[in-house]
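Asker: Okay, sequence plus prediction incoming.
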Number of protein chains: 2
Amino acid sequence: MKNGRMKEEVDIDMDKDNGLIHAIAQDYETGEVLMLAHMNEEALRLTIETGKAYYWSRSRNKLWRKGEISGNEQLIKEILIDCDGDSVLLKVKQIGGACHTGYRSCFYRRINGEIVGEKVFDPEEKYGKRDGDSDSASSASAEIEQKQEQEQEP
Amino acid sequence: MKNGRMKEEVDIDMDKDNGLIHAIAQDYETGEVLMLAHMNEEALRLTIETGKAYYWSRSRNKLWRKGEISGNEQLIKEILIDCDGDSVLLKVKQIGGACHTGYRSCFYRRINGEIVGEKVFDPEEKYGKRDGDSDSASSASAEIEQKQEQEQEP
C-alpha cells in the first residue's frame, strides 16, 4: 500500500561512517543511477536548503558542489532516506553529464569493461586540458573540479 | 554515443574502504533503487558466479546472501561498475521486497519522514516474531536474517 500522508520519525545516522552518509544520485525522469558519493551534515543541509547537490570529498576532506566549475549541476527533485538512515537517494535533474569522464552516468561500463553508457560531453572541453596548455588560472580551477569529480566517491 | 562493443580495462578498487566496495541494487525493469549495501571480493565473485546477490555485513563481519531465509532474493540481470571502480550497480529482479521492514525498497521515506514506498510483505510473517513466540529454531534463523537485512548496510 502506498501512503504519502503517513510519517515516520527519521533518524539520520552520521556515526556509522565517521560523520558521513552515502548519497546516490538518480535521474528523476529516466531512473538512471548517475553516481554514488558521500555527504556530511553540512553537505546534506546545503543540498536541502539550496536545492542543488553538495557532497563531501573523503580524499580531500572538503565540501564540494556538484558542477560548481563544469556547470554540470544536479537540481534536487526529491530526497529519500533508507531504512537505517545512513544513505540518501537524490532524485535529480542532471545538467549535462554526472561523470568526470564525460559520460552521463559514472556507471557507464559493465563489470567486464564493456561500455554501455552514453558520452554526453568532452571532459577536456569542460575541465580544460590537464597539461595546462590553456589559460593557466581556469585550467587550474578546472583541474580542481575534475579532480573533485574524479574523486567524488573516495 | 552508445557503444556496447568498446571495452575498457576495469580496475576494481577494494582498497579504499577496507576491502569493500559499495553495491546499489536497482530493479532492472522499473529502475527503482532498492537498497545500498557492501561487497567484499568474495561477495562480488559469488554474485557473478551464481547470478544471485551476495553482500558483506560490515557490522557482523559476515558474508550473506540476500533472501537466504526470507526468499526475497535478488536475481542479477546486469552488473555495472563506476568510473573509479569502487561501486557497483546491480540491476536485479527483486523477489518480494528488498527491505527488512516489508517495503519494496529501503528508500521508502522522504527525508521529512513521509512514507512514499510500497509495503509488499509483512516482516513478522517472513522473519518470524522477534519475541520468539513461534518455533524457536526457525524464529532464531529468522531473527538472524532480519538482523542481517536490517544491518544490510552497516
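Answerer: Received the coordinates, thanks. Values in this document were obtained by computation on a predicted structure and should not be read as measured data.
Asker: right, and the secondary structure at the closest residue to chain B within chain A would be what?
Answerer: Residue nearest to chain B within chain A: A:Gly31 (2.6 Å; Cβ to the nearest Cβ). All C-beta spots, glycine's among them, are computed from the backbone N, C-alpha and C. Taken by DSSP: H, G, I helix; E, B strand; the rest coil, the conformation at A:Gly31 corresponds to coil.
Asker: How about the contacts made by the closest residue in space to it that isn't next to it in sequence?
Answerer: Distances taken as Cβ to Cβ, 6 or more residues apart in numbering or on different chains put B:Gly31 closest to A:Gly31, at 2.6 Å, once the chain neighbours are dropped. Contacts for B:Gly31 (Cβ atoms under 8 Å, 6 or more residues apart in numbering or on different chains) come out as A:Gln26, A:Thr30, A:Gly31, A:Glu32.
Asker: Check A:Gly102 too.
Answerer: A:Lys119, A:Val120, A:Phe121, A:Asp122, A:Pro123, A:Lys126.
Asker: Report the buried members of those residues.
Answerer: The neighbour-count test (16 or more other Cβ atoms under 10 Å in any protein chain shown) marks A:Lys119, A:Val120, A:Phe121, A:Pro123, A:Lys126 as buried among these.
Asker: Can you name the two of the residues you listed that sit furthest apart?
Answerer: A:Lys119 and A:Lys126 (12.0 Å; Cβ to Cβ).
Asker: circling back: reformat the contacts of B:Gly31 into a markdown table and put pLDDT next to each item.
Answerer: Shown next, in a markdown table, are the contacts of B:Gly31 (pLDDT from 0 to 100):
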| residue | pLDDT |
| --- | --- |
| A:Gln26 | 98 |
| A:Thr30 | 98 |
| A:Gly31 | 98 |
| A:Glu32 | 98 |
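Asker: Just the buried residues of these.
Answerer: For the contacts of B:Gly31, buried by 16+ other Cβ under 10 Å: A:Gln26, A:Glu32.
Asker: Between which two of the contacts of B:Gly31 is the distance greatest?
Answerer: So for the contacts of B:Gly31, where distance means Cβ to Cβ, the most widely separated pair is A:Gln26 and A:Thr30, at 8.7 Å.
Asker: quick one: contacts for A:Gly113?
Answerer: B:Lys7, B:Glu8, B:Glu9, B:Val10.
Asker: at 10 Å what do you get?
Answerer: B:Met6, B:Lys7, B:Glu8, B:Glu9, B:Val10, B:Asp11, B:Ile81 (Cβ atoms under 10 Å, 6 or more residues apart in numbering or on different chains).
Asker: now A:Gly19
Answerer: A:His38, A:Met39, A:Asn40, A:Glu41, A:Glu42, A:Trp56.
Asker: can you check A:Glu42 too?
Answerer: A:Gly19, A:Tyr54, A:Trp56, A:Leu63.
Asker: The residue lying closest to A:Val120 once chain neighbours are set aside: neighbouring residues, count only.
Answerer: Excluding its sequence neighbours, the residue lying closest to A:Val120 (Cβ to Cβ, 6+ apart) is A:Gly97, at 4.2 Å. Neighbour count of A:Gly97, defined by other Cβ atoms under 10 Å in any protein chain shown: 26.
Asker: tell me which element A:Glu49 falls in.
Answerer: In this structure, A:Glu49 sits in helix A:41-50 according to DSSP states H and E.
Asker: Can you name the element that comes right after that helix?
Answerer: strand A:54-57.
Asker: which helices and strands does that next one pack with?
Answerer: With contacts defined as 3 or more Cβ pairs under 10 Å, 6 or more residues apart in numbering or on different chains; DSSP states H and E, the packing partners of strand A:54-57 are strand A:21-27, strand A:33-39, helix A:41-50, strand A:62-65, strand A:74-81, helix A:136-150.
Asker: Can you flag the weakest of these by average pLDDT?
Answerer: Among the helices and strands packed on strand A:54-57, helix A:136-150 has the lowest mean pLDDT, at a mean of 48.
Asker: And for A:Asn40, the neighbour number?
Answerer: For A:Asn40, the neighbour count with other Cβ under 10 Å is 19.
Asker: Can you name the residues bridging to the nearest residue to it once chain neighbours are set aside?
Answerer: Leaving out its chain neighbours, the residue that sits closest to A:Asn40 by Cβ to Cβ, 6+ apart is A:Trp56, at 4.4 Å. With DSSP bridges applied, A:Trp56 shows beta-bridge pairing to A:Leu63.
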